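In: sharing a model that was predicted from the sequence below.
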Amino acid sequence: MPTDTSPGTLPSRDHLPVTWRCVPVLDVVIPVHNEEKDLGPCVLRLRDHLARTFPYPFRITIADNASTDRTPRVAAELAASAREVRHVRLDQKGRGRALRAVWSASDAPVLAYMDVDLSTDLNALLPLVAPLISGHSDLAIGSRLAGGSRVVRGPKRELISRAYNLILRGSLHARFSDAQCGFKAIRGDVARVLLPLVEDTGWFFDTEMLVLAERAGLRIHEVPVDWIDDPDSTVHLVRTAADDLKGVWRVGRALAVGALPLDRLARPFGDDPRDRRLTGVPGGLTRQLVGFCAVGALSTVCYLLLYSGFRTFTGSQAANALALLVSAVANTAANRRLTFGVRGRARAVRHQAQGLVVFAIGLALTSGSLAALGAASGEPAHSTELAVLVAANLAATVLRFLLLRAWVFPDAPAHDTPAHGTPSGEPRNAR
């Protein structure tokens, strides 16, 4: 895995100024290997399209991956004939290696790439890069599987593409719809931070880049595209699919064991609205609710098991009180650490005492419900008692969360506001 430790923190997204004229705003990379036939028509068509439709200065970079035919000569002739075209020669094959080399050295604020066959209609290029220029998004991808896309290709490629994206969704929990479309763009400042974390140098490069970007919380914009399959494509489907599956396994394993330093990218932007502290809006609520519900579900199961056990040798009221007492102590301890992030022994006894007061309120609710049931039914069935207790506990749960949050743990750290919060486990206003 990459050992780089230097990328640093991403800056805030900003709209590129309309006066930007010192360098090309867009650098479109065309990675090629032995493409002497298609390279010339592709570059000329792309240059003409950008000259007619793109409002900023642009550059087209031909990234030659160790071609052995006339591709280097064709690329050099194109670069000599048009000032917007340049040629970069690499001695090793690999689309990912070519993109990493050119993108890392480019001075353009927006970087893109497309396949030399121009299967994707060029009218999608401006919609692809516009969200990056405006500062709205960090990466953008063309999607053949998004609503509104129009695709012409054979059933074999269609099946492989959809199966691969299903694998990504199932194994890596990817939410983007099309990882393999050769039509993508990234902001230059994002690329400088993200690319050192991407290991692959071949066809899996952009899939790995997208997975890491998504896991780090970066915004990925998808553009539906018109796409026509190139019947003369030189891509070896079986070998590429096998390499992609190896990459999926490698990245999935790295994510599972925490081997990727995604904390360098997580929540990188100071303009993220989730990082803003709003007056009157408490922080950490979402995470605390999730934690409280998880602890509460386990506590309820524990409580019902304890009640059923105590009920075998004592009355319902005593069994309820004992079960609530034991589960309340465990519940307070679990919520203290897991839900509200309070660690250490400081004020632990006080928290348990306050938790017992909350327990007493829950006891009053559940005991009152049992008393009301007994008065109404005389000798209710055990299943009826459990049903009434579950309903009473649901009502008590809402009140318990509010009391724990506002009274027992009012100074708990806000886990979902790391940009302004304090380290986990340290109350903001320690007393």
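Out: Noted; the coordinates are in hand.
In: could you give the mean pLDDT of stretch 396-407?
Out: Here stretch 396-407 scores 80 as its mean pLDDT.
In: what do you get for stretch 357-365?
Out: Mean pLDDT, stretch 357-365: 80.
In: ok, residues contacting it?
Out: If you take C-beta atoms under 8 Å, 6 or more residues apart in numbering as the criterion, stretch 357-365 is touched by 320-321, 324-325, 328, 332, 392-393, 395-396, 399-400, 403-404, 408. From N, CA and C alone the C-beta is placed, and that goes for glycine too.
In: next: stretch 39-50.
Out: Residues outside stretch 39-50 that contact it (C-beta under 8 Å, 6+ apart) are 26, 28, 30, 32, 35, 58, 60, 62, 71, 74-75, 78, 82, 84-85, 114, 116-118, 122, 125.
In: list the buried ones in it?
Out: 39, 42-43, 46-47, 49-50 (16 or more other C-beta atoms under 10 Å).
In: between the residues you listed, which is closest to residue 188?
Out: Of all the buried residues of stretch 39-50, residue 188 sits closest to residue 50, with 17.5 Å by C-beta to C-beta.
In: next up, phi/psi of the nearest residue to residue 82 once chain neighbours are set aside, please.
Out: Nearest residue to residue 82 in three dimensions, chain neighbours excluded: residue 47, at 6.0 Å (C-beta to C-beta, 6 or more residues apart in numbering). Taking degrees, to the nearest 10, you get phi -60, psi -40 for the backbone angles of residue 47.
In: for residue 287, same thing?
Out: Torsion angles, degrees, to the nearest 10, at residue 287: phi -70, psi -40.
In: what does residue 314 give?
Out: phi -150, psi 170.
In: which residues touch it?
Out: Counting by C-beta under 8 Å, 6+ apart, residue 314 touches residue 322.
In: over to the one 5 residues further on?
Out: Taking C-beta under 8 Å, 6+ apart as the contact definition, residue 319 lies against 307, 310-311.
In: which of those tops the neighbour count?
Out: residue 307 (23 neighbours; other C-beta atoms under 10 Å).
In: which stretches of the stretch 1-150 of the chain form helices?
Out: Here the stretch 1-150 of the chain has its helices, by DSSP state H, counting those that start in this stretch, at 39-53, 71-81, 95-105, 125-134.
In: any idea how far the longest helix seen in the chain is from the chain center?
Out: With secondary structure taken from DSSP state H, the chain has its longest helix at helix 348-377. Centroid separation between helix 348-377 and its chain, computed with C-alpha atoms, centre = their mean, to the nearest Å, is 42 Å.
In: quick one: the helix or strand just after that helix to helix 348-377, angle?
Out: Heading C-terminal from helix 348-377, the first helix or strand you meet, by DSSP states H and E, is helix 382-403. Helix 382-403 runs at 140 degrees relative to helix 348-377, counting by axes from the mean of the first three to the mean of the last three C-alpha atoms, to 10 degrees.
In: buried only: go through the contacts of stretch 39-50 for me.
Out: 26, 28, 30, 32, 35, 58, 60, 62, 71, 74-75, 78, 84-85, 114, 116-118, 122, 125.
In: filter the residues you listed down to the ones in strands?
Out: Among the buried ones among the contacts of stretch 39-50, DSSP state E puts 26, 28, 30, 32, 58, 60, 62, 85, 114 in strands.
In: not counting its neighbours along the chain, what's nearest the first one?
Out: Closest residue to residue 26 apart from its sequence neighbours, by C-beta to C-beta, 6+ apart: residue 58 at 4.5 Å.
In: close enough to count as contact, that neighbour and residue 27?
Out: Yes. Counting by C-beta atoms under 8 Å, residue 58 touches residue 27, with 7.5 Å between them.
In: can you give me the helices in the stretch 201-350 of the chain?
Out: Taking DSSP H, counting those that start in this stretch as the criterion, the stretch 201-350 of the chain carries its helices at 205-215, 237-257, 285-311, 316-334, 348-377.
In: packed most tightly, which of those helices would that be?
Out: Highest mean neighbour count among the helices of the stretch 201-350 of the chain (mean count of other C-beta atoms under 10 Å): helix 205-215, with a mean of 22.
In: and that helix, average pLDDT?
Out: Here the average pLDDT along helix 205-215 is 92.
In: other SSEs contacting that helix?
Out: Helix 205-215 sits against helix 95-105, strand 139-143, helix 155-172, helix 188-194, strand 220-224, helix 237-257, with contacts defined as 3 or more C-beta pairs under 8 Å, 6 or more residues apart in numbering; DSSP states H and E.
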